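Enquirer: mind looking at a prediction? Sequence and model below.
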Amino acid sequence: MKAAVWHGVKDVQVEDVLEPSPAKGWVKIKVKQCSICGTDLHEYRNGPVMLAARPHPVTGRQVPLTLGHEFSGDIVELGEGVTGLKVGDRVTVNPLIVCGTCWWCRRAIWNECARLATIGLAWDGAFAEYVTAPDYGCYKLPDTLSYEAAALTEPFAVTVRAAKRGEIKPGDSVAIIGAGPIGLLTLEAVKAAGATQIFVIEPVASRCEVAMKLGATATFDPTKVDPGREIGKLTEGRRADVAFECVGGPHAGLTLGTALAVSRRAGRIVMVGVPAAKGVEFDFFRLFLHEKQISAVQGYVDEFPAAISLLAGGRVDTNTIITSKIKLDRIVPDGFESLIGEPEKNIKIIVSPE
Ligand SMILES: [Zn+2]
Ligand SMILES: [Zn+2]
């Protein structure tokens with residue numbers, strides 16, 4: 001079968017590999033759609049970052065590995081002992097592979113498993129014709145949910161968790177920093193959670209337009225205006241109840257500073273973007289004197305059912321967020337390179353192996 005295998009920096013090759021077969025408690029899935037994540041892009045450009053560079057303690061696997069962890073498909077084979085799923089089921093998959101025995105697993109804090117592995121990072125992923133996954137990660141798709149939209153379940157689950165971490169309540173005002181895929185999905189998640197005023201801070205004009213289309217109240221280019229002051233004008237001087245940092249990367253200190261500036265006193269901040277630097281500098285007084293709460297989001301624990309339900313109910317404008325649909329053979333030029341070269345044109349690109 002064909003698979004997009006990561007061999008090294010800027011060296012992902014679509015090549016023929018052996019078709020996987022499911023182990024005990026696992027299933028084999030024929031992949032229909034797999035979405036390109038910022039993580040995949042990061043691995044393509046700078047990897048191995050989260051890719052297993054050494055044999056993973058749970059999976060035993062290391063690079064070269066097939067990327068892809070945001071996917072949907074059909075179950076085509078059941079491993080020994082699998083119940084509750086059958087051949088032909090349309091599914092999306094929580095890609096976390098957990099050890100099941102550590103302190104965190106015993107308390108169902110799956111995303112903090114001490115030996116956490118992820119399909120597409122420490123196990124062959126879904127930029128391939130077939131992928132295998134543990135049965136506990138599989139979620140059946142309602143008939144109203146397309147494979148395309150279902151390929152956004154994984155990133156959307158992250159943002160559903162972000163809304164929960166931010167304790168969004170009906171009527172809350174929200175500031176979202178960054179209108180990339182995660183920022184825009186956060187917009188949908190907080191909207192579903194009842195946020196009424198949603199301010200988006202983003203320098204790229206085309207992404208601001210998309211945010212407005214998805215229901216943002218206003219957008220601000222932080223290179224031109226002071227977003228804290230602007231949001232203050234629209235919130236009786238208070239600023240946003242909750243700020244979501246959805247940028248990450250090497251400048252997470254800067255965007256954390258923005259989150260501190262645009263959130264109100266005694267407000268909440270949720271760090272959703274994946275940082276690329278350990279040490280960051282920010283105004284500690286803004287945190288301390290205004291008693292703000294900062295939390296972070298690392299994947300998901302039990303957010304897949306809610307994410308699927310919202311997607312199936314048409315509560316997420318996936319047609320606007322998916323900007324391109326490509327074939328697996330073209331994943332490097334039309335996927336990774338296109339996302340790097342034209343960030344203003346692309347949001348989510350989904351890949352089909354068919
Ligand atoms: Zn992802
Ligand atoms: Zn564990």
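Expert: That came through fine. Residues are numbered from 1 along each chain as shown. Ligands and ions are numbered 1, 2, ... in the order given.

Enquirer: can you tell me how far the residue lying closest to Thr83 once chain neighbours are set aside sits from Asp11?
Expert: Nearest residue to Thr83, sequence neighbours excluded (Cβ to Cβ, 6 or more residues apart in numbering): Asp135, at 7.9 Å. Backbone N, C-alpha and C define where each C-beta goes, glycine included. The gap separating Asp135 from Asp11 is 33 Å, by Cβ to Cβ, to the nearest Å.

Enquirer: those two: who's more crowded?
Expert: Shown here are Asp135 and Asp11; by other Cβ atoms under 10 Å, Asp135 has more neighbours (19 against 12).

Enquirer: which residues in this structure form helices?
Expert: Taking DSSP state H to define them, one finds helices in the chain at 38-46, 103-106, 147-150, 153-165, 181-193, 205-213, 227-233, 252-262, 284-288, 304-312, 318-321, 337-341.

Enquirer: how about those in a markdown table, adding distance to Val274?
Expert: Shown next, in a markdown table, are the helices of the chain (distance: least, Cβ to Cβ, whole Å):
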| stretch | distance to Val274 |
| --- | --- |
| helix 38-46 | 7 |
| helix 103-106 | 20 |
| helix 147-150 | 23 |
| helix 153-165 | 10 |
| helix 181-193 | 9 |
| helix 205-213 | 18 |
| helix 227-233 | 22 |
| helix 252-262 | 9 |
| helix 284-288 | 21 |
| helix 304-312 | 19 |
| helix 318-321 | 18 |
| helix 337-341 | 15 |
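
Enquirer: and Ile308, how many neighbours?
Expert: 22.

Enquirer: give the contact list for the residue nearest to the spatial centre of the chain.
Expert: Nearest to the geometric centre of the chain sits Pro155, at 2.8 Å (Cα atoms, centre = their mean). Contacts here follow Cβ atoms under 8 Å, 6 or more residues apart in numbering; on that basis Pro155 touches 35, 37, 70, 181-182, 185, 348.

Enquirer: just for this protein, where's the confidence low?
Expert: The model of the chain has no residue with pLDDT under 70.

Enquirer: separation between the residue of it most remote from its centre and Thr159?
Expert: Going by Cα atoms, centre = their mean, the residue of the chain most distant from its centre is Glu236, 33.1 Å out. Between Glu236 and Thr159 the computed distance is 27 Å (Cβ to Cβ).

Enquirer: what comes up buried for stretch 93-110?
Expert: Using 16 or more other Cβ atoms under 10 Å as the test for burial, stretch 93-110 gives 93-98, 104-105, 110.

Enquirer: how about the residue farthest from the centre of the chain, what does it touch?
Expert: Going by Cβ under 8 Å, 6+ apart, Glu236 touches no other residue.

Enquirer: any chance of JSON lines for the helices of the chain, columns distance to ligand 2?
Expert: Below are these laid out as JSON lines (distance: least, Cβ to the ion, whole Å):
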{"stretch": "helix 38-46", "distance to ligand 2": "21"}
{"stretch": "helix 103-106", "distance to ligand 2": "3"}
{"stretch": "helix 147-150", "distance to ligand 2": "27"}
{"stretch": "helix 153-165", "distance to ligand 2": "18"}
{"stretch": "helix 181-193", "distance to ligand 2": "25"}
{"stretch": "helix 205-213", "distance to ligand 2": "37"}
{"stretch": "helix 227-233", "distance to ligand 2": "40"}
{"stretch": "helix 252-262", "distance to ligand 2": "27"}
{"stretch": "helix 284-288", "distance to ligand 2": "32"}
{"stretch": "helix 304-312", "distance to ligand 2": "18"}
{"stretch": "helix 318-321", "distance to ligand 2": "32"}
{"stretch": "helix 337-341", "distance to ligand 2": "32"}
